[in-house]
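S.K.: Here is my input, please return the structure:
(chains A and B)
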Amino acid sequence: AQTIHQWPVAEIKAVGSPLSLGCTIKGKSSPNLYWYWQATGGTLQQLFYSITVGQVESVVQLNLSASRPKDDQFILSTEKLLLSHSGFYLCAWSPNTGQLYFGEGSKLTVL
Amino acid sequence: QQQVRQSPQSLTVWEGETAILNCSYEDSTFDYFPWYWQFPRESPALLIAIRPVSNKKEDGRFTIFFNKREKKLSLHITDSQPGDSATYFCAASAGNTGYQNFYFGKGTSLTVIP
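M.R.: Numbering: from 1, shown residues only, chains lettered A, B, ... in the order given. So this is what the prediction gives:
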């Protein structure tokens, strides 16, 4: 069975500080990987997707970047956090048959 | 332009009643419509999904009704339970091979009163 794990579970960071969030999927080779952002009480906004190692496409510009250094790993980062970056970050994977499965999420609070 | 719209924004029903959550979409090429539910402080989980080849999909107390001509679908929750209280997201995507882009509605917050 496939499992998806995100880290860290939660972060409290200062405005202007760097950020790195990670996601690992096990049990599935070459999955499509996605990063979503959700404001408190809000909808799910797709940020990035990746079809293969080393290839990442941006969907919206939020002063964030993403990388896929390994087939099973997806990283979200920024060098300078903004207050507006606060929210719930969700990594997701798709097995190319239509379904989308989310990880447990990382809650980010920027102060 | 919002590709997927949901209504109502919030819904309250009594335990045992049927809750009806509505969804509509813009793009006629969408061919997969999943519903997710999300409990507070948790990530969304896939609840039930339908493809346009069917106009109805049932899974226990949860049923999707799909109207391709009107580009509308609805999620019916029969015999609603307090444990069904959650935010429900309707989503849509196109293409069942390769990369798919998923569009989410803004969600319906359901409260089931015991």
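S.K.: Chain B contacts on chain A?
M.R.: A:32, A:34, A:42-44, A:46, A:49, A:51, A:59, A:88, A:90, A:94, A:96-105, A:107 (Cβ under 8 Å from any Cβ of the partner chain). Glycine gets a C-beta too; all of them are placed from N, C-alpha and C.
S.K.: Just the ones of these in strands?
M.R.: Among these, the members found in strands (DSSP state E) are A:32, A:34, A:44, A:46, A:49, A:51, A:88, A:90, A:94, A:101-102, A:107.
S.K.: What ranges does chain A have for its helices?
M.R.: In chain A, no helices are defined using DSSP state H.
S.K.: circling back: what subset of the residues of chain A next to chain B is buried?
M.R.: A:32, A:34, A:43-44, A:46, A:49, A:51, A:88, A:90, A:94, A:96, A:98-103, A:105, A:107 (16 or more other Cβ atoms under 10 Å in any protein chain shown).
S.K.: any weak-confidence spans in the chain?
M.R.: Going with chain A. Residues of chain A that meet the criterion pLDDT under 70 lie in A:96-97.
S.K.: hm, I was asking about chain B
M.R.: B:1, B:95-98.
S.K.: just the strands in chain B please.
M.R.: B:4-7, B:10-14, B:19-25, B:33-38, B:45-50, B:56-59, B:62-67, B:72-77, B:86-93, B:102-104, B:108-113.
S.K.: measure B:Lys56 to A:Gly41 for me?
M.R.: Distance, B:Lys56 to A:Gly41, using Cβ to Cβ, to the nearest Å: 31 Å.
S.K.: Could you tell me how many residues sit around B:Lys71?
M.R.: By other Cβ atoms under 10 Å in any protein chain shown, 16 other residues sit near B:Lys71.
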